[in-house]
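Colleague: requesting a structural model of the entry that follows:
(one chain, ligands or ions: 2)
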Amino acid sequence: MSNALRAVRGMNDLLPADAPLWAHFENIIRDWLKSYGYREMRTPILEHTGLFKRAIGEVTDIVEKEMYTFVDALNGESMTLRPEGTASCVRAAIEHSLLHDGGKRLWYAGPMFRHERPQKGRYRQFHQVGVEALGFAGPDLDVEHLLMTARLWKKLGLAEFIQLEINTLGGAEARASHREKLIAYFAAHIDQLDADSQRRLHTNPLRILDSKNPAMQVLVEAAPRLMDELDEAALTHFEAVKQGLDDAGIAYRVNTRLVRGLDYYNYTVFEWVTDQLGAQGTVCAGGRYDGLVAQLGGKPAPACGFAMGVERLLVMMAEAGLAPAPDAPDVYVVNVGDAAARAAPVIAETLRDAGLDVVLHGGGGSFKAQMKKADASLARFAVLIGDDEVAANQVTVKPLRGEYQQNDPQLGQQRLAIADAIELLKG
Ligand code: ATP
Ligand code: MG
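Modeller: Numbering: from 1, shown residues only. Ligands and ions are numbered 1, 2, ... in the order given. Okay, the predicted model is just below:
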């Protein structure tokens, strides 16, 4: 096996054993989004690199070092595998004039790509479910997003493990004046900054606040606060968001150091965090991005949204024992002999016509070997077809679960006409 091909590092296969948990999660997600009036969209996985540079920001971690970018050999254009969904969603909304008759509530789900160091909860292909409300000035929509995410954690069974942190980044003026003060402050302490932060000092000083470097924590704690620069409108918006959370009885912590790694945010930002996943503690993040639609060439429109990391939520669900049992068919059809082998596919179709889930034994083999497969399939019943059954236009129904799992091979077994067998199997 030494020269066997392997998947790309950090990109995972979804195998049948884990598929029921994904399907369970996706079903909950669809119902949940429908219950808030959000509508699905799907955009391409590949976009022009310029989209992400313009939307996410040139000096963010994502654009600087995490994007899968390559030159299309056929036309020389720079292409990028999408690292997140908001940019594409807004691009599509502008391109198809989705906002011409007012605000839209949208969602999408699918794989995203970032060239990061793979570890538990951090992959190079990972999945997000994203929600965007385009064309709403809020703060009612900010509150809606927080209430709906809170409801989702309950539906998933994870509410006790996930906490909300919120912050406000204010408007453009406050950020500009805060930025000047930050640069002056950090420049005065430049010897205490690590290399990353020194590099960011003039390009993205806000990100220094997000540094996880323990040696810089004292410096960062004492840095000028954006809170002190906020104007009336930003404060009023933030107060209304907090009020909405209080009214709904949703607990939160104001974390004034929460800045997010994407440039397009203003006003509200939030993260839902957990201590169940080690360093990869954020399961959902988002906020308001009122400037992005105009920045990408659309008619100015306010907006807010969020995205959640599917793998991280699924790890939590699996660890909490919330993975559903694998799907089992109702019936496993065993067939021995040439006549039975011919009749079996037709009988199986008749059972499916009646709404039963049916696995038809494939590949022949002895009765005993087929019965082993029937047991392993977790089906509730085996339907046995031999030459005798074919001649009599009947089948033998054998219960496989519960009290019938005993030693007596004949226990509960009945030979019936197909119509009667269906009645028994459906009962
Ligand atoms: P982090 O701080 O963990 O790198 P981020 O701020 O880069 O996260 P966002 O761009 O806000 O993440 O993406 C939203 C969510 O997508 C994250 O909260 C996380 O749950 C998930 N996510 C982001 N990057 C990855 C990854 N490489 N692998 C798995 N999930 C991820
Ligand atoms: Mg990241």
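
Colleague: what bits of the protein have low per-residue confidence?
Modeller: For the chain, residues meeting the criterion pLDDT under 70 lie at 1-2, 261, 402-411.

Colleague: in it, what residue comes closest to ligand 1?
Modeller: Using Cβ to the nearest ligand atom, residue 309 is the residue of the chain that sits closest to ligand 1, at 2.2 Å. Glycine gets a C-beta too; all of them are placed from N, C-alpha and C.

Colleague: so what's that residue up against?
Modeller: 121, 126, 127, 128, 282, 283, 284 (Cβ atoms under 8 Å, 6 or more residues apart in numbering).

Colleague: tell me, how many residues neighbour the fourth one?
Modeller: The burial count assigned to residue 128 is 22, neighbours taken as other Cβ atoms under 10 Å.

Colleague: could you check how far residue 326 is from residue 218?
Modeller: As judged by Cβ to Cβ, to the nearest Å, residue 326 and residue 218 stand 52 Å apart.

Colleague: neighbour-wise, which of these two wins?
Modeller: residue 326 (12 against 9).

Colleague: wait, isn't the more buried one in contact with residue 17?
Modeller: Yes. In this structure residue 326 lies within contact range of residue 17 using Cβ atoms under 8 Å: 7.4 Å.

Colleague: check whether stretch 67-85 contacts ligand 1.
Modeller: Yes. Counting by Cβ under 6 Å from any ligand atom, ligand 1 is contacted by stretch 67-85 at residue 84.

Colleague: tell me how far the ends of that stretch are from each other?
Modeller: Stretch 67-85 has an end-to-end distance of 13 Å (criterion: Cα to Cα, to the nearest Å).

Colleague: show me what that stretch is in contact with.
Modeller: Contact with stretch 67-85 is made by 43-52, 56, 62, 66, 88, 108, 110, 112-115, 124, 128, 130, 262, 307, as judged by Cβ under 8 Å, 6+ apart.

Colleague: do the same with stretch 377-388
Modeller: With Cβ under 8 Å, 6+ apart, stretch 377-388 has contacts from 326, 328-340, 343-344, 347, 351, 359, 367, 371, 374, 395-401, 421, 425.

Colleague: turn the buried ones among those residues into a named PyMOL selection, would you?
Modeller: Of the contacts of stretch 377-388, the buried ones go into a single PyMOL selection, burial set by 16 or more other Cβ atoms under 10 Å:
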select buried, resi 329+330+331+332+333+334+335+336+337+339+340+343+344+347+351+359+371+374+395+396+397+398+399+400+421+425
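
Colleague: out of the contacts of stretch 377-388, which are inside helices?
Modeller: Taking DSSP state H as the definition of helices, the contacts of stretch 377-388 contribute 338, 339, 340, 343, 344, 347, 351, 367, 371, 374, 421, 425.

Colleague: so which of these are also by ligand 1?
Modeller: Within the ones in helices among the contacts of stretch 377-388, nothing lies near ligand 1 by Cβ under 6 Å from any ligand atom.

Colleague: for the residue of the chain closest to ligand 1, give the beta-bridge partners.
Modeller: Here residue 309 shows beta-bridge partners residue 128, assigned using DSSP bridges.

Colleague: from residue 129, how far out is it?
Modeller: Distance of residue 309 to residue 129, given as Cβ to Cβ: 9 Å.

Colleague: can you check residue 398 too?
Modeller: Going from residue 398 to residue 129 by Cβ to Cβ gives 43 Å.

Colleague: same question for residue 209.
Modeller: Between residue 209 and residue 129 the computed distance is 28 Å (Cβ to Cβ).

Colleague: likewise for residue 165?
Modeller: Distance of residue 165 to residue 129, given as Cβ to Cβ: 20 Å.

Colleague: just to revisit the earlier point, taking the ones in helices among the contacts of stretch 377-388 together, which two end up most distant?
Modeller: With Cβ to Cβ as the measure, no two of the ones in helices among the contacts of stretch 377-388 lie farther apart than 338 and 425, at 25.1 Å.

Colleague: who's more crowded, residue 165 and residue 129?
Modeller: Each of residue 165 and residue 129 has its neighbours counted (other Cβ under 10 Å); residue 129 has more, 23 against 17.

Colleague: what's the closest non-adjacent residue to the more buried one?
Modeller: Closest residue to residue 129 apart from its sequence neighbours, by Cβ to Cβ, 6 or more residues apart in numbering: residue 109 at 4.4 Å.

Colleague: so who does the spatially most central residue of the chain touch?
Modeller: Residue closest to the average C-alpha location in the chain (Cα atoms, centre = their mean): residue 310, at 3.0 Å. If you count contacts by Cβ under 8 Å, 6+ apart, residue 310 has them with 22, 25, 109, 126, 127, 128, 129.

Colleague: repeat for residue 298
Modeller: Residues in contact with residue 298, defined by Cβ under 8 Å, 6+ apart, are 90, 93, 94, 99.

Colleague: so the third one sits against residue 297, correct?
Modeller: Yes. Under the criterion of Cβ under 8 Å, residue 94 lies in contact with residue 297, with a separation of 6.1 Å.
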